[in-house]
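>>> A predicted structure for the sequence below; I have some questions about it.
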Amino acid sequence: MAERIFIGVAWPYANGPLHLGHLAGSYLPADIFARYHRIIGNHVLMVSGSDQHGTPITLRAEDEGVEPKEIVERFHASFLDTWEKMGIDFDLFTTTGTRNHTETVQQVFLSLLEQGYIYKDTMLLPYSDQEKRFLPDRYVEGICPHCGHKKARGDQCDQCGKTLNPIDLIEPRGKRDGSKLEFRESEHFFLKLTSFEHSLLDWIKRQEHWRPNVLNFSRRFIEDGLKDRAITRDIEWGIPI
Ligand SMILES: [Zn+2]
């Protein structure tokens, strides 16, 4: 009997063209998997889309002196062109700019809030006196406290892969102008990741078909302990809540 196969492929940020690494890492393997299942008669749904929100987009827009909308439209068109040239066949390749996406995000947000998995708290965030505003995490660079990488971002260190907050960085500075930053309190909504540790770990332990390195990496990640994380940002370009 035909099986139903859902393939959720990573959503690329619409802030630049795709390169070979994207294709080899995410899209080609997914396309091969989809083709295999279509050939043997299964019902395949392969879905992805342009991630049009987040600071990678606003950073690029500010660098070019244009509106974020112009950036995301340009690169969404470029993604569609790439899929066609490469023969990669999505059943749906959408964007985070649709009404459906906005409504779904708002529904998920409210549902988590009602169940107590989202709460309000304040955090210390980098404030640029020069730009007279809070800088989102990706606008901040500094030294990684874990591995000493000099160009760690305010959300993550690309050298050691650790998740960071801007305040964790040593000698934080504005990425765009190298300006000195001060930390001020700002109110945000936090996702209570800590309440999912046990159920996630139980679920991971039950997976029998995962490769051992994937299983071990995921287990260790959760066993090291999850941290609640702010899911709102001090920027205009996003899903309003
Ligand atoms: Zn690091």
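Here it is on my side, so go on. Numbering: from 1, shown residues only.
>>> Run me through the strand neighbours of the least confident helix or strand in the chain by mean pLDDT, direction for each.
The weakest-scoring helix or strand in the chain, judged by mean pLDDT, DSSP states H and E, is strand 133-134 (a mean of 86). Using DSSP bridges, the strands paired with strand 133-134 are strand 118-128 (antiparallel).
>>> Tell me how far residue 1 lies from the ion.
Distance, residue 1 to the ion, by C-beta to the ion, to the nearest Å: 48 Å. In this view, the C-beta of every residue, glycine as well, is placed from N, C-alpha and C.
>>> What number of residues are in the vicinity of that residue?
In terms of burial, residue 1 registers 4 neighbours under the definition other C-beta atoms under 10 Å.
>>> Mind splitting this structure into its structural domains?
The chain breaks down into these structural domains: 4-97, 116-230 (assignment by automatic domain parsing).
>>> For the ion, which of these is the nearest?
When those are ranked by distance to the ion, counting by C-beta to the ion, first place goes to domain 116-230 at 3.1 Å.
>>> Where does residue 203 fall, secondary structure wise?
Residue 203 belongs to helix 197-205 when elements are defined using DSSP states H and E.
>>> Can you name every helix or strand that that helix contacts?
helix 212-223 (3 or more C-beta pairs under 8 Å, 6 or more residues apart in numbering; DSSP states H and E).
>>> buried stuff in the helix it packs on?
Judged by neighbour count (16 or more other C-beta atoms under 10 Å), helix 212-223 contains these buried residues: 218, 219, 222.
>>> just stretch 160-173 next, same as before
If you call a residue buried by 16+ other C-beta under 10 Å, then stretch 160-173 has these buried ones: 164, 165, 166, 167, 168, 169, 172, 173.
>>> Tell me if I am right that residue 172 is in a strand.
Yes: counting by DSSP: H, G, I helix; E, B strand; the rest coil, one finds residue 172 located in a strand.
>>> so what pLDDT did it get?
Predicted confidence (pLDDT) for residue 172: 94.
>>> now do residue 218
94.
>>> and what of residue 12?
pLDDT recorded at residue 12 is 95.
>>> what sits against it?
Under the criterion of C-beta atoms under 8 Å, 6 or more residues apart in numbering, the neighbours of residue 12 are 18, 22, 26, 48, 50, 51, 79.
>>> Buried members of those into PyMOL, please.
Here is the PyMOL command that selects only those of the contacts of residue 12 that count as buried (16+ other C-beta under 10 Å):
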select buried, resi 18+22+26+48+50+51+79
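>>> ok, which pair from the contacts of residue 12 is furthest apart?
The largest distance within the contacts of residue 12, taken as C-beta to C-beta, falls between 26 and 50 and amounts to 13.5 Å.
>>> Considering only the buried residues of stretch 160-173, which also neighbour the ion?
Residues of the buried residues of stretch 160-173 in contact with the ion (C-beta under 5 Å from the ion): none.
>>> And the furthest pair within the residues you listed?
With distance counted by C-beta to C-beta, no two of these lie farther apart than 165 and 173, which are 15.4 Å apart.
>>> still on that earlier bit, ok, residues contacting the helix holding residue 203?
Under the contact criterion C-beta under 8 Å, 6+ apart, helix 197-205 has outside partners 215, 218, 219, 222, 223, 225, 226.
>>> ok so, going back, can you tell me which of the contacts of residue 12 are in helices?
22, 79 (DSSP state H).
>>> which SS state does the residue nearest to residue 16 when sequence neighbours are not counted fall under?
The shortest distance from residue 16 to any residue other than its chain neighbours is 6.5 Å, reached at residue 75 (C-beta to C-beta, 6 or more residues apart in numbering). The three-state assignment at residue 75 reads helix, by three-state DSSP.
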